[in-house]
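Trainee: After the sequence you'll find the predicted model.
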Amino acid sequence: MNLLQLLRQRLNDALVPLTPEPETYVDMLRPAGDTKFGDFQANCAMPMQKSVGKPAREIAQLIVDGLKVDDICEPPSIAGPGFINLKLKESWLTEAATRSANDMALGIDPVSKPRKFIVDFSSPNVAKPMHVGHLRSTVIGHALYRVLKRLGHHVLSDNHIGDWGTQFGMIIYGYKNFRDEARFAEKPVAELARLYRLVNQLSDYHTLKPALPGLIEAQKCAAASLAQAQSQLASAVASGVKKSPELQQLVKKAESDLKAANEEVESARKKLAAVEGDSDLFDLASRHPKIAEDARLETAKLHAGDAENLALWNQFLPDCLQALEGLYERFGLKFDMALGESWYNPMLPGVLERLEQAGLLTKSQGAQCVFIGGNEAPFIVRKSDGAFTYATTDLATIQHRVESLKADAILYVVDSRQSEHFDLLFATAKKLGYRDVELQHVKFGTILGEDKRPFKTRSGDTVGLESLIDEAIVRAREIVNAGDDGKPTGAELDEETRQAVAEIVGLGGIIYADLHHSRESDYSFSFEKMLATKGDTATYMQYAYARVNGIFRKGGVNVADIRSAGHALNLAQPAERMLALQLLRFGEALQDVAVDYRPNVLTQYLFETANRFSAFFEACPVLKESDESIRHSRLLLCDWTARVMKEGLDLLGIRVAEKM
Ligand code: ARG
């Protein structure tokens, strides 16, 4: 049941006689911030004044006169300039909560119009080990996939693996020239990753070496621009100008340009020094001056069907995919499909033909492009060397997903930095006639280090995802140990359980820390924060869950009995009432996640739930309650909380432990 939706429906009915556009106002009915005045509040009377031409209080009265909620609420009251307050009837709330608490489906009705969703997430470029940058897409996508499914939609997860891009040319080049046979035999994926890094490093070297003087020149120019802007501002101030937003803006912009130029030079110098400071590397670099170009040629040969390169590709790919599997397993993640870029290769000429027929192609510097009005950047679908691109593949992907898989909506859970690509992709798809499918770039920000700079290891490398998880588990283990050792009645977990719990806590901590931020914002990665036992963390909720189980164990209560007895809830205490109302709103939280594809709506909901549970647990004795029907009601509330927490976390891809 979605209580908010129900009340909004009733409000809508009351608004119809007053305004031609009730839908603009119904959303102003919200859960009350301050429950002193009621459970819900509608603030629509004030903004309606202009169109209705009456004072807000009068409008509020007209709304209340027409509002039929007497089956659910006490008579509505009007406060201040025209706030309408609604308080649920105790009888209604108790009955609805009792029904939900005894419903193992947690009162979630499947959506009335299920849609077919494809969720494209994780989608790493293979043959490079997964790094921290892949975390966000993987966990956000996984959570959205599960929530949409739980709501009753038809959902397919698709791992759009990058298995056909330029990195394969680099690996093939590396394999042909630099491979270590023994290492490859022992750990093929690690060796391929090493080769990839090596080829990347050497081609970077040859690109940066001649570019450095230009970068230094640009840095000097940026410094000069800044000095000029600063002196302009200074003389303006000297001549008595108090505020000059334009000049201040100019200085700010010059500062950030200089910072970027400095970073570029610094990074180039570091990369060059790394090669020049290592005689073996330097020797390799000298012997492979055209490495970037040659690696590109290997990719081109692969795409053209060259037998040797295709055989290598076929040899490498299964190992790479298997390495990914290992990681996904830790996340409890299984994709419905993993149609990588290579899968679409045969469709690409057809895509180009369709674009041609639709009159969308323009030749620009030898490349075939789609120009979208208003967007300066071209959408390149075929490069001047004849190669198809990431863009062409994504068009083929839409074709397949819409025409064969009959998708109503496709979600791309991808870094915000690819916004331009998706803007152009969606616009091009629309021009090709894909107008009815919802195409969404579910974008997210960057993970930063605690220093607020891109998250790197101490040596400056990207942080591997596998090692990150391992470290979280090691740290979680310390927390689990301390928690168990500190129990007043003595430790109760054996070694094996402690380790199993540490895995649940460590991984849950990483996942939750990622999901609880608004997805577009960058966030700083911090083990301390994410594993804190108090606050908005998975650990806090996992402990809350285990605590409920502890109550049952301590009281010798059989949960199955509680679930089957059909006990009635008694919500006489404010803390009981607050908790029940919150639990009743679980389905609403899930629906809200799906509105704008935001898992943090669910983390917020769970955090609030855990807080309300704590308040309830402090205020209301459970096992010690002597009145049997109240004790049963409270046990049912505990179990209901546990089920909501467990399922809510599970939908986010986070597990719980029965005992911690
Ligand atoms: N492989 C791409 C990358 O690592 C992400 C792919 C996202 N999905 C898509 N259909 N473009 O940047």
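Mentor: Perfect, thanks for sending it. Numbering: from 1, shown residues only.
Trainee: Please count neighbours and contacts with C-alpha atoms only from this point.
Mentor: Will do.
Trainee: since we're on the closest residue to His517 other than its chain neighbours, how many residues are nearby?
Mentor: Nearest residue to His517, sequence neighbours excluded (C-alpha to C-alpha, 6 or more residues apart in numbering): Asn600, at 6.2 Å. Here the count is done by other C-alpha atoms under 10 Å, and Asn600 has 22 residues near it.
Trainee: Which pLDDT does the model give Asn600?
Mentor: As predicted, Asn600 sits at a pLDDT of 98.
Trainee: Can you pull the residues of this structure lying near the ligand?
Mentor: Those residues of the chain that sit near the ligand, judged by C-alpha under 6 Å from any ligand atom, are 120, 123-125, 160-162, 394, 412, 414.
Trainee: which of those residues lies closest to Ile216?
Mentor: Sorting those by distance to Ile216 puts Asn125 at the head of the list, at 32.4 Å, by C-alpha to C-alpha.
Trainee: give me the number of residues near the closest residue to the closest one other than its chain neighbours?
Mentor: Leaving out its chain neighbours, the residue that sits closest to Asn125 by C-alpha to C-alpha, 6+ apart is Gly162, at 4.0 Å. Gly162 has 19 neighbouring residues, counting by other C-alpha under 10 Å.
Trainee: where along the chain do the strands fall?
Mentor: Using DSSP state E, the strands found in the chain span residues 29-31, 40-42, 77-79, 83-86, 116-120, 154-158, 361-364, 367-370, 379-382, 409-415, 438-444, 447-448, 523-524.
Trainee: Would you check that His153 makes contact with Lys116?
Mentor: Yes: the pair His153 / Lys116 is scored as a contact, 6.3 Å apart, by C-alpha atoms under 8 Å.
Trainee: which non-adjacent residue is nearest Asn570?
Mentor: Ser633 (5.8 Å).
Trainee: My guess is the one you found contacts Ala565. True?
Mentor: No: distance between Ser633 and Ala565: 10.8 Å, which falls outside the contact criterion (C-alpha under 8 Å).
Trainee: Those two: which is more packed in?
Mentor: Ranked by neighbour count (other C-alpha under 10 Å), Ser633 and Ala565 place Ser633 first, with 22 against 11.
Trainee: List the contacts of Asp204.
Mentor: For Asp204, the contact set (C-alpha atoms under 8 Å, 6 or more residues apart in numbering) comprises 271, 292.
Trainee: what comes up buried for stretch 59-79?
Mentor: 59-64, 66-69, 72-78 (16 or more other C-alpha atoms under 10 Å).
Trainee: what's around the spatially closest residue to Lys243 that is not a sequence neighbour, how many residues?
Mentor: Distances taken as C-alpha to C-alpha, 6+ apart place Val237 nearest to Lys243, at 7.8 Å, with adjacent residues excluded. Using other C-alpha under 10 Å, Val237 has 13 other residues around it.
Trainee: Look at Val237 and report its pLDDT.
Mentor: You'll see Val237 listed with a pLDDT of 91.
Trainee: can you tell me how far the residue of the chain most remote from its centre sits from Leu233?
Mentor: Relative to the centre of the chain, the most outlying C-alpha is that of Ser239, 51.0 Å out, by C-alpha atoms, centre = their mean. From Ser239 over to Leu233 the distance is 10 Å, taken as C-alpha to C-alpha, to the nearest Å.
Trainee: and what of Thr603?
Mentor: From Thr603 to Leu233 the distance is 47 Å (C-alpha to C-alpha).
Trainee: picking that back up, could you measure the residue nearest to Lys243 against Pro245, distance?
Mentor: Val237 sits 12 Å away from Pro245, taking C-alpha to C-alpha as the criterion.
Trainee: now do Glu264
Mentor: Relative to Pro245, and taking C-alpha to C-alpha, Glu264 is found at 28 Å.
Trainee: Name the residue in these two with the higher neighbour count.
Mentor: Shown here are Glu264 and Pro245; by other C-alpha under 10 Å, Glu264 has more neighbours (17 against 10).
Trainee: for that one, what are its contacts?
Mentor: By C-alpha under 8 Å, 6+ apart, the residues touching Glu264 are Leu215.
Trainee: Mind pulling up the pLDDT for it?
Mentor: Here the pLDDT value assigned to Glu264 is 92.
Trainee: Please read off the pLDDT at the most centrally placed residue in the chain from the model.
Mentor: Centrality entry for the chain: nearest residue to the mean C-alpha point is Ile140, 3.0 Å, by C-alpha atoms, centre = their mean. Note for Ile140: predicted pLDDT of 98.
Trainee: what's the answer for the one 4 residues further on, then?
Mentor: The predicted structure scores Leu144 at 98 on the pLDDT scale.
Trainee: Nearest to Ser524, out of the residues of the chain next to the ligand: which one, please.
Mentor: Out of the residues of the chain next to the ligand, the member with the shortest distance to Ser524 (by C-alpha to C-alpha) is Val414, at 18.5 Å.
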